[in-house]
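Trainee: starting from these lines, generate the structure:
(one chain, ligands or ions: 1)
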Amino acid sequence: MPRLHDKIALITGSAAGIGLATAQLFAAEGAHVYITDVDGAGAEKAAAELAAKGLKATAMTVDVSRGQDVNALMRAIEQQHRRLDVVVNNAGINIRTDFRNMSDADWTKLREVNLDGIIRVARDAFPLMKASGRASLINLASIMGHRGMRTLAAYGATKGAISALTRGLAVEYAPYNIRVNALAPGFIETALTERVLRVKAFSDALLSQTPLGRFGTSEDVAQAALFFASDESAFITGAELAVDGGMQATL
Ligand code: NAI
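Mentor: Predicted coordinates for the structure are as follows:
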């Protein structure tokens, strides 16, 4: 039996990177996946590729920083399925900036997507997750919520808040049998990190601090998301799993 047989799963920011790999894995494990992204064409393409393999996928254009988009998404899922079993709160951006010179506009944008968006989805999906009777919410935090690095202070602040949100919501949603956990990836090769990982001196330095000696793949993170999504983690809530090749464990 596939591990997500008949589950309805929403993954935000799933036209590319970690979100796309997660949607592909969940669909292969039997879920009907909602592939949602601000890049609507990318979402359509990803869903069409899954449908061509006989898997279940619906695409929608959703900018998580826009309340009306998230509202329309929840209404569509309610009409189709009346419940949501898995939500992967994945959509996120990074704006690398020297903190002292960061503009208000940059901070607002970062906060609106990485924090307001995550909070909005976690809140607005509640009635549908409650209707599931056995739901799992997975938030994408980051190693940067726990460690400091130049140009990443503001990004790290949004991610640290997601770790705190995860623990609070785990307690608040537990009476409804909604589990809430977080993933804290280290350095994963996606469009988000491509530009910096191309700088050899920087990537060599990072690799020297990664016990497993490589960067992660989107699939590495998707497999961890699958664990939290499936009933194999039925007694786990409020946890955060590092997917970082051991980076957080090193001195
Ligand atoms: P990515 O840039 O490869 O993909 C992000 C996807 O989200 C894109 O398809 C993009 O169009 C979409 N997106 C951006 N803004 C959006 C919005 N307002 N509404 C809806 N969709 C939006 O990024 P990646 O690497 O896959 O990151 C996914 C999540 O994992 C993010 O939350 C990121 O902060 C987190 N993360 C990534 C790490 C990495 O090393 N790549 C490390 C730690 C955390």
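
Trainee: report the buried residues of the longest helix along the chain.
Mentor: When secondary structure is assigned using DSSP state H, the longest helix within the chain turns out to be helix 153-173. Within helix 153-173, the residues that count as buried by 16 or more other C-beta atoms under 10 Å are 154-159, 161-163, 165-167, 169-170, 173. All C-beta spots, glycine's among them, are computed from the backbone N, C-alpha and C.

Trainee: for Asp6, give me its contacts.
Mentor: Under the criterion of C-beta atoms under 8 Å, 6 or more residues apart in numbering, the contact partners of Asp6 comprise 30-32.

Trainee: return the residues of the stretch 101-250 of the chain in contact with the ligand.
Mentor: By the rule C-beta under 6 Å from any ligand atom, the part of the stretch 101-250 of the chain lying against the ligand is 113, 117, 140, 142, 185, 187-188, 190-193.

Trainee: hmm, who's touching stretch 203-223?
Mentor: Contact with stretch 203-223 is made by 17-18, 20-22, 24-26, 183, 185-190, 193, 196-197, 243-247, 249-250, as judged by C-beta under 8 Å, 6+ apart.

Trainee: now, these that are in helices?
Mentor: Cross-referencing those with the helices (criterion: DSSP H) gives 17-18, 20-22, 24-26, 193, 196-197 as the overlap.

Trainee: adding pLDDT and neighbour count, write those residues out as TSV.
Mentor: As requested, those are exported to TSV (pLDDT from 0 to 100; neighbours: other C-beta atoms under 10 Å):
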residue	pLDDT	neighbour count
Gly17	98	20
Ile18	98	29
Leu20	98	24
Ala21	98	22
Thr22	99	31
Gln24	98	23
Leu25	99	22
Phe26	99	32
Thr193	96	18
Val196	92	15
Leu197	95	17
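
Trainee: which two among the residues you listed are spaced furthest apart?
Mentor: Of all pairs drawn from the ones in helices among the contacts of stretch 203-223, the one with the longest distance (C-beta to C-beta) is Phe26 and Val196, at 28.5 Å.

Trainee: tell me what Asn139 is bridged to.
Mentor: In this entry, Asn139 is beta-bridged to Asn89, Ala182, by DSSP bridges.

Trainee: all strands for this structure, in order.
Mentor: Along the chain, the segments classed as strands by DSSP state E run 8-12, 32-37, 57-61, 86-89, 135-140, 178-185, 240-243.

Trainee: adding mean pLDDT, write those strands out as JSON lines.
Mentor: Formatted as JSON lines, the entries for the strands of the chain read as follows, by pLDDT from 0 to 100:
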{"stretch": "strand 8-12", "mean pLDDT": "99"}
{"stretch": "strand 32-37", "mean pLDDT": "99"}
{"stretch": "strand 57-61", "mean pLDDT": "98"}
{"stretch": "strand 86-89", "mean pLDDT": "99"}
{"stretch": "strand 135-140", "mean pLDDT": "99"}
{"stretch": "strand 178-185", "mean pLDDT": "99"}
{"stretch": "strand 240-243", "mean pLDDT": "98"}
